[in-house]
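Visitor: Sequence plus the predicted model coming up.
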Amino acid sequence: MSTTTLRTPPAEEAPVPDASPRPARRRGEQSRAGSLASHGILTVASLVALFPIAWLVFLSLGPDKDDYLHPGRIWDTMTFDNYSFVLQHTNFFDWMKSSLIVSLGTTVIGVMVAATTGYAVSRMRFPGYRKFMWVLLVTQMFPIAVLIVPMYQILSDLQLIDSYLGLILVYCSTAVPYSAWLLKGYFDTIPFEIDEAGRVDGLSPFGTFFRLILPLAKPGLAVAAFYNFITAFGEVAFASTFMLDDSKYTFAVGLQSFVSEHDAQRNLMAATAVLVAIPVSAFFYLVQKNLVTGLTAGGTKG
């Protein structure tokens, strides 16, 4: 009786895993080269954005009005005399008072009107509500030169020429339409169930709006407030036309006093511009926490 021996082929050796596997890249994570490229681009963009500000501050330290033609001379003659001259021998503080009155007035009135308008269009369905928003958008298409003459006639009939209230109303007429569109988009992101809950609790429509909706809309309100403030603070054409008394000039108009037909005191203009930027920077610092959130959230729902 014969026996056969079955030979089993030797098992193939399993591949030895790499002792140090590469870590898997997480979703959305950049490579080292991509990260360096992004940081490089952001650094260059930051330098481009900061250069005009640094250049303005540098020119404001030059003692002569023509130092901008030879900026290298400023290094040896730097002085703060331009700032002291602007603060002591110009109407700087009158300009500041006028600018703050007009800008803050435009911000408060404009945001209140825009908030109620945006909320009404977002929540209520009345005949022509879509056309109403398009009308607001169309008003932004008219250039300032076309609006100055009729606005001047209206303010003259109302005896509001050379008054802060007249200029505030003019600025609101240009800032409110855009702010209403912005806030309407933000109110659309707030659930309608919050309004229903307020009515169940016995709140009136105004009570629901002021006590429930506005606290949730702080980021959108911050963006609208910043837009209204900047619109009024830096505008020149309306302010120079409707304000006749030089003590009521805003900063933007006051800067023109340094430029005449045959002369331009650019060193004093630079110093004034640096001082003008302080209130705007302070206002931006106050609203910066809600600014980015409001800009992005308002466009998530049409």
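Guide: Thanks, I have it. Numbering: from 1, shown residues only.

Visitor: only C-alpha atoms for contact and neighbour calcs from this point on.
Guide: OK.

Visitor: so residue 220 makes contact with residue 182?
Guide: Yes: in this structure residue 220 lies within contact range of residue 182 using CA atoms under 8 Å: 7.4 Å.

Visitor: who's more crowded, these two?
Guide: Counted by other CA atoms under 10 Å, residue 220 and residue 182 do not tie: residue 220 has more neighbours, with 28 against 23.

Visitor: okay, and for this structure, where does confidence drop off?
Guide: Low-confidence segments of the chain (pLDDT under 70): 1-30, 289-302.

Visitor: Show me where it has its helices.
Guide: 32-60, 81-89, 92-123, 129-138, 144-157, 164-187, 193-200, 205-208, 214-216, 218-233, 237-242, 251-254, 266-297 (DSSP state H).

Visitor: Rebuild those helices as a markdown table, extending it with distance to residue 70.
Guide: Below are those laid out as a markdown table (distance: least, CA to CA, whole Å):
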| stretch | distance to residue 70 |
| --- | --- |
| helix 32-60 | 10 |
| helix 81-89 | 17 |
| helix 92-123 | 28 |
| helix 129-138 | 47 |
| helix 144-157 | 37 |
| helix 164-187 | 40 |
| helix 193-200 | 63 |
| helix 205-208 | 61 |
| helix 214-216 | 53 |
| helix 218-233 | 32 |
| helix 237-242 | 32 |
| helix 251-254 | 26 |
| helix 266-297 | 12 |
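
Visitor: Excluding chain neighbours, give the residue nearest to residue 129 in space.
Guide: Beyond its immediate neighbours in the sequence, the residue positioned closest to residue 129 (CA to CA, 6 or more residues apart in numbering) is residue 121, lying 6.3 Å away.

Visitor: So that neighbour versus residue 267, what's the distance?
Guide: From residue 121 over to residue 267 the distance is 49 Å, taken as CA to CA, to the nearest Å.

Visitor: and those two? which has more neighbours close in?
Guide: residue 267 (26 against 21).

Visitor: how about that one, what does it touch?
Guide: Residues in contact with residue 267, defined by CA atoms under 8 Å, 6 or more residues apart in numbering, are 59, 60, 61, 62, 63, 64, 65, 66, 67, 82.

Visitor: Check residue 235 too.
Guide: residue 252.

Visitor: what residues are up against the nearest residue to residue 284 once chain neighbours are set aside?
Guide: Spatial nearest neighbour of residue 284, chain neighbours left out: residue 226 (7.1 Å); criterion: CA to CA, 6+ apart. When contacts are counted by CA under 8 Å, 6+ apart, residue 226 touches 107, 283, 284, 287.

Visitor: With residue 233 instead?
Guide: 99, 100, 102, 103, 250, 251, 252 are the contacts of residue 233 under CA under 8 Å, 6+ apart.

Visitor: ok, and the most crowded of the residues you listed?
Guide: residue 250 (29 neighbours).

Visitor: is it true that that residue touches residue 91?
Guide: No: between residue 250 and residue 91 no contact is recorded; they are 10.1 Å apart, counting by CA under 8 Å.

Visitor: burial of residue 155, as a residue count?
Guide: So residue 155, with other CA under 10 Å, has 19 neighbours.

Visitor: Give the full set of residues in contact with it.
Guide: Going by CA under 8 Å, 6+ apart, residue 155 touches 161, 166.

Visitor: distance of it from residue 161?
Guide: According to CA to CA, residue 155 and residue 161 sit 6 Å apart.

Visitor: same check, this time on residue 190
Guide: From residue 190 over to residue 161 the distance is 41 Å, taken as CA to CA.

Visitor: And those two? Which one has more around it.
Guide: Taking other CA under 10 Å, residue 190 and residue 161 do not tie; residue 161 has more neighbours (20 against 15).
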